[in-house]
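J.: here is a sequence with its predicted model. Questions after.
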Amino acid sequence: MAARSKANRILAAVLIPLALLTLAGMAALWPSGSKEGITLANPYSTAPGVTFDTGTIQSVVAENCMQGTSQQGTGQQGSGQQSGQDTAGQAPRQGSDCTFAFTEPDKGGSPVKVVINPDVASSHGVKPGDQIRYLNLSKVQGATGSQGSPAYVFVDFVRTLPIVLLAVLYAAVVIAVARWRGLRALVGLVGAYFVLANFLLPGLVEGKPPLLLTLVGSTVIMIGVLYFAHGFSARTSTALLGTIFGLGITSLLAAWATDAANLAGVGSHDAATLVNTSANISISGVILCGLIISGLGVLNDVTITQSSAVWELYELAPGSSARKLFTSAMRIGRDHIASTVYTIAFAYAGAALPILIIVMLYDRPLMDTLTSSELSEEVIRTLVGSIGLVLAIPVTTLIAVLVVKATGIRAVEGRAGVGAHDDGHVHAGDVTDTGALAAAALGERNRRAGVEPAGETATRRGRRADRA
């Protein structure tokens, strides 16, 4: 307890000014929330009389497109017609077959005939019992049905129930295994998303400096998440220092890579949409922010693990030298590096799997593929994040070793010998010399077995001879 108290005072002298500086930067960069100059058409906005409804599929049929739509006797005009075409994709052509789903509306009424998008019908398909969201064009003014356009058009599946069930299961598993700490981690995650949604994203929209914005926001997230989940302790503070170092390295590498590799989001539909939305939004800045944020979770993982490892090793052998303590902790760190490096690579590969398949089908040379506009961002994200976390491990270990050695706490008996506790037993944490530890273990084993040491036996025999 004395060691941890002194360590907390040492770390507080470094972290408190850093936290105050971060909060000052957050206050200076806080976005105004204004959306002036932003022009973005909402794909879910509709014309008068057009609504988005939900329902449950009762049956699915395949029939001629024009025959299926003519039976509905509805059409659309104006912006309602545009919404229907944007949502359903290509309009059905005469002579082709379409998939229709008879759907019971959630708001009540007779089942309606919803036309299913061709890509959905061919890839995933729909089946009775599926909940869907569809565009209702039946009440559009002037709809006569002469155009043969569908009155009910599939938009998306309703995924509320499975997502809620998975979220509840995830929370239950985390709390059951990690208990109170797991609950605090979940609450901290909610706080992190609050900073992301109310500080980082609006700041990028308003054109704030992306590197400074991301550094400040990420530091605030890490301070909140680490302390809230793991509590205020020397271990957590040590991990935070290592995390901030890794965050700084990752940010510098990401800033350099974004410029050197010309990551401009070329070819991305989302990037093109953002460019046309506002002149203040920098696609390179958005990519830079994404490169930094994507590595926060793994970075936090390795630093808190290394900090805990150093403190556990120190408490088991307080007399160990700083060099020996660092070497022992780095053995754990190397195993962590080996596992987390391919963890990041596989995580990004899984997220970009559709792109990987498309690029593979192009049959291009490997180097051209990896450096293409489709994959270069994922490759650089993997490399930047991996370098940051690898360098954070030795730095965190070194900081933890310096802190625990600076506490000045030593073994009670030192290397001179081994003392017994009040319970009469010798504890392994009291022994700092290998030979003394072995002797102590042998003596403890003999005592439990009822075997007296040779020296003590001879002394007792001498006492009996003297009395005789």
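T.: Looks like it came in fine.
J.: now stretch 27-35: buried residues?
T.: By neighbour count with 16 or more other CB atoms under 10 Å, stretch 27-35 contains the buried residues 29, 31. C-beta here means a position set from N, CA and C on the backbone, and glycine is covered the same way.
J.: low-confidence regions, the stretch 101-250 of the chain specifically.
T.: By pLDDT under 70, the low-scoring segments of the stretch 101-250 of the chain are 140-149.
J.: pLDDT at the spatially most central residue of the chain, what is it?
T.: For the chain, the residue nearest the mean C-alpha position is residue 297 (4.8 Å; CA atoms, centre = their mean). With respect to pLDDT, residue 297 has a value of 78.
J.: list the buried ones in stretch 170-188?
T.: For stretch 170-188, the buried set under the neighbour-count rule, 16+ other CB under 10 Å, comprises 174, 175, 182, 184, 185, 186, 188.
J.: neighbours around the closest residue to the fourth one other than its chain neighbours, how many?
T.: Put plainly, it is residue 184. Among residues not flanking residue 184 along the chain, residue 229 sits closest, at 5.0 Å (CB to CB, 6 or more residues apart in numbering). Residue 229 sits with 20 neighbouring residues when counted by other CB atoms under 10 Å.
J.: got it, and residue 295?
T.: Residues near residue 295, counting by other CB under 10 Å: 25.
J.: secondary structure element holding the residue lying closest to it once chain neighbours are set aside?
T.: Excluding the flanking residues, the one nearest residue 295 by CB to CB, 6+ apart is residue 385, at 3.4 Å. Assigned by DSSP states H and E, residue 385 belongs to helix 376-406.
J.: and that helix, which residues are buried?
T.: Applying 16+ other CB under 10 Å to helix 376-406 flags 376-382, 384-401, 403-405 as buried.
J.: if we can go back for a sec, tell me which helix or strand comes right after the helix or strand hosting the residue nearest to the centre of the chain.
T.: For residue 297, the host element (DSSP H and E) is helix 296-316. Sequence-wise, the next helix or strand downstream of helix 296-316 (DSSP H and E) is helix 322-351.
J.: can you name every helix or strand that that next one contacts?
T.: The contact analysis (3 or more CB pairs under 8 Å, 6 or more residues apart in numbering; DSSP states H and E) places helix 322-351 against helix 296-316, helix 376-406.
J.: save the ones you listed as JSON lines, and put in distance to residue 283 too.
T.: Formatted as JSON lines, the helices and strands packed on helix 322-351 follow (distance: least, CB to CB, whole Å):
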{"stretch": "helix 296-316", "distance to residue 283": "21"}
{"stretch": "helix 376-406", "distance to residue 283": "11"}
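J.: picking up where we left off before, who are the packing partners of the host helix or strand of the residue nearest to residue 184?
T.: Using DSSP H and E, residue 229 maps to helix 210-230. In terms of contacts (3+ CB pairs under 8 Å, 6+ apart), helix 210-230 is packed against helix 2-29, helix 160-195, helix 201-205, helix 234-260, helix 283-293, helix 296-316.
J.: and those as a markdown table, adding distance to residue 273?
T.: Converted to a markdown table, those look like this (distance: least, CB to CB, whole Å):
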| stretch | distance to residue 273 |
| --- | --- |
| helix 2-29 | 25 |
| helix 160-195 | 23 |
| helix 201-205 | 13 |
| helix 234-260 | 20 |
| helix 283-293 | 10 |
| helix 296-316 | 26 |
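J.: ok, which of these comes nearest residue 356?
T.: helix 283-293 (18.4 Å; CB to CB).
J.: dump that closest one to PDB, keeping only the CA atoms.
T.: Output of helix 283-293 as PDB, limited to C-alpha atoms (Å, rounded to 0.1, in the frame of the first residue of the first chain):
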ATOM      1  CA  ILE A 283     -11.400  13.700 -46.700                       C
ATOM      2  CA  SER A 284      -7.700  13.300 -45.800                       C
ATOM      3  CA  GLY A 285      -8.500  14.600 -42.300                       C
ATOM      4  CA  VAL A 286     -11.300  12.100 -41.900                       C
ATOM      5  CA  ILE A 287      -9.000   9.200 -43.100                       C
ATOM      6  CA  LEU A 288      -6.300  10.500 -40.600                       C
ATOM      7  CA  CYS A 289      -8.800  10.500 -37.800                       C
ATOM      8  CA  GLY A 290      -9.900   7.000 -38.700                       C
ATOM      9  CA  LEU A 291      -6.300   5.700 -38.700                       C
ATOM     10  CA  ILE A 292      -5.700   6.900 -35.200                       C
ATOM     11  CA  ILE A 293      -9.000   5.900 -33.600                       C
END
